[in-house]
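Colleague: give the three-dimensional model of this entry:
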Amino acid sequence: MTATPVRADVATVDTPIGPFTTVVDTDGAVLASGWTADPTTLISIVHPALRPTELRIRDSLGAVTDAVREYHAGDLTVIDTVAVRQRSGEFLTHAWDILRKVPAGEPVTYTEFAGLAGRPAATRAAANACARNAAALFVPCHRVLRIGGALGGFRWGLGAKRWLLAHEGVR
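Modeller: As a prediction, this is how the structure comes out:
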């Protein structure tokens, strides 16, 4: 079990869809991220066992910030190898791992996502995994759609989800 980090580093960069902030643990693993300039919004969605008690604002988080910039500039796979640390129950943790394997440009439905996660009847649980994902972009829950292609929900707004999917070649 990982001890609660005392300190985490935070950086915000401009993207075509607004400011993107990332919170990383002392070892560089992403704890939370999203299209906001307010790190406290992100800290509130980090699992309590991982939630840092002190934030250090940085201009850059090195490779993590580079990956954010490169993804938004067109390198859609650069986010795939960035370390992420989230905690929850067994299914959600597994579902987040599965989400990281959904390729850019190949979105799946919530039903398909549930099947990929090994619980084909658990569509609501799959949707819950997307809703509780603290590491947006790095755990690409934006790649999950409703049956028929409707966007469904997205913590950072449907405009952001629409932009991300179009950026990844989904029309």
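Colleague: max-length strand in the protein?
Modeller: strand 7-15 (DSSP state E).
Colleague: just checking the distance from that one to the centre of its chain.
Modeller: Distance of strand 7-15 from the chain centroid (Cα atoms, centre = their mean, to the nearest Å) equals 14 Å.
Colleague: name the residues of it that are buried.
Modeller: For strand 7-15, burial by neighbour count (16 or more other Cβ atoms under 10 Å) applies to 8-13, 15. Just so you know, the C-beta spots here come from the backbone N, C-alpha and C atoms, and that holds for glycine as well.
Colleague: which residues are in contact with that strand?
Modeller: The contact list for strand 7-15 (Cβ atoms under 8 Å, 6 or more residues apart in numbering) reads 19-26, 31, 35, 37, 39, 42, 52-61, 64-65, 68-69, 72.
Colleague: which ones among those are found in strands?
Modeller: Mapping these onto strands (DSSP E) picks out 19-24, 31, 54-57.
Colleague: can you tell me, leaving aside adjacent residues, what's nearest to the spatially most central residue of the chain?
Modeller: Centroid-nearest residue in the chain, with Cα atoms, centre = their mean: Ala136, separated by 1.9 Å. Using Cβ to Cβ, 6 or more residues apart in numbering and skipping the chain neighbours, the partner closest in space to Ala136 is Gly34 (4.4 Å).
Colleague: how about the residue nearest to the centre of the chain, what does it touch?
Modeller: When contacts are counted by Cβ under 8 Å, 6+ apart, Ala136 touches 33-35, 142, 155-156.
Colleague: any idea how far it lies from Gln86?
Modeller: 11 Å (Cβ to Cβ, to the nearest Å).
Colleague: this completes my enquiry, with thanks.
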